[in-house]
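Novice: One predicted model, sequence on top.
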Amino acid sequence: MSTHIGAEPGEIAERVLMPGDPLRAKWIAETYLEDARCYTTVRGMLGFTGRWNGVEVSVQGSGMGMPSASIYAHELVNEYGVKTLIRVGSCGALTEDLQLRDVVAAIGSSTDSNMNRMRFDGLIDYAPVADFGLLRTAVEVAERRGISMRVGPILAADAFYTDRPDLYDTLADYGVLAVEMESAALYTIAARFKARALTVLTVSDHIKTGEKTTSQEREQTFGQMVEIALDTIIA
Ligand SMILES: O=P(O)(O)O[C@H]1O[C@H](CO)[C@@H](O)[C@H]1O
Ligand SMILES: O=c1cc[nH]c(=O)[nH]1
């Protein structure tokens, strides 16, 4: 067991999907994985291992925000030998041309988090980016499955409820597609510990129009991004 994950050594696959929502992890395991078994219930942050097309894959809830996601990414890589992490999350669209339920792959992640400023002593604005091979595979998988997937930069924010929506407009002017709360930490930790990471998201809210999906829809209906992530992680 690690501090926050209750799995024995060998119970977690080298390939892990990471939704923020632990109940989305359960839904993914029950809907998509063969012979899925739960390996952790610590703090209610559920994790499962099963098989996708015969290949072992795990799915681990990561919680909301970069402090929580960092704990899970760190322990998965450093204590369980995980090599590949694909986040499957929800996001808010920042640009008018995205619609609810559109799928987005994050090539890079700007952030307002202070975590990397501390890492680099405030001297470097580190640019957290996706693993190129995973991103290229995800694009190919989406095309093969006939799923339209936008690729571009996103924002990983500390706050879900922002006091500065004006900054979202400025970021959209610079081509930033969407906002979520974990990708910058995931990309940074993967780089630091020589793992591969990608973030694939579904638009759950539209910041410009105010449209949003329900919590049940966020938990159980974002299947296209999951299918892209599963095919990508076993490729
Ligand atoms: O749906 P998940 O994967 O949790 O991702 C998004 O949803 C949560 C906020 O509602 C944050 O974790 C954000 O990144
Ligand atoms: O972080 C997030 C996730 C979904 N929708 C948002 O607006 N923000």
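Specialist: Good, I have the coordinates. Ligands and ions are numbered 1, 2, ... in the order given.
Novice: all contacts plus neighbour counts: C-alpha atoms, from now on.
Specialist: Noted.
Novice: pretty sure E96 is in contact with E211, am I right?
Specialist: No: in this structure E96 lies outside contact range of E211 using CA atoms under 8 Å: 11.8 Å.
Novice: can you give me the strands in this structure?
Specialist: Here the chain has its strands, by DSSP state E, at 15-18, 34-40, 47-52, 55-60, 84-93, 103-111, 149-156, 178-180, 196-206.
Novice: can you tell me the average pLDDT over the longest one?
Specialist: Looking back up the chat, that one is strand 196-206. Strand 196-206 carries an average pLDDT of 98.
Novice: Keeping just the C-alphas, turn it into PDB.
Specialist: Listed next in PDB are the C-alpha coordinates belonging to strand 196-206 (Å, rounded to 0.1, in the frame of the first residue of the first chain):
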ATOM      1  CA  ARG A 196       4.000   9.500 -20.300                       C
ATOM      2  CA  ALA A 197       0.900  11.600 -19.900                       C
ATOM      3  CA  LEU A 198      -2.000  12.900 -21.900                       C
ATOM      4  CA  THR A 199      -5.200  14.700 -21.000                       C
ATOM      5  CA  VAL A 200      -8.500  14.100 -22.900                       C
ATOM      6  CA  LEU A 201     -11.500  16.100 -21.800                       C
ATOM      7  CA  THR A 202     -15.200  16.400 -22.500                       C
ATOM      8  CA  VAL A 203     -16.900  19.800 -22.400                       C
ATOM      9  CA  SER A 204     -19.200  19.700 -19.400                       C
ATOM     10  CA  ASP A 205     -19.800  23.500 -19.100                       C
ATOM     11  CA  HIS A 206     -19.700  26.400 -21.400                       C
END
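Novice: is that strand anywhere near ligand 2?
Specialist: Yes: Strand 196-206 comes into contact with ligand 2 (CA under 6 Å from any ligand atom), by way of S204, D205.
Novice: roughly how far is that strand from the heart of the chain?
Specialist: Chain-centre distance of strand 196-206: 6 Å, with CA atoms, centre = their mean, to the nearest Å.
Novice: same thing with the fifth one?
Specialist: For strand 84-93, the distance between its averaged C-alpha position and the chain's averaged C-alpha position is 3 Å (CA atoms, centre = their mean).
Novice: Give me the helices and strands touching it, please.
Specialist: strand 15-18, strand 178-180, strand 196-206, helix 223-234 (3 or more CA pairs under 8 Å, 6 or more residues apart in numbering; DSSP states H and E).
Novice: Relative to ligand 1, how far out is the residue nearest to G44 when sequence neighbours are not counted?
Specialist: Among residues not flanking G44 along the chain, P22 sits closest, at 7.3 Å (CA to CA, 6 or more residues apart in numbering). Applying CA to the nearest ligand atom, to the nearest Å, the value for P22 to ligand 1 is 8 Å.
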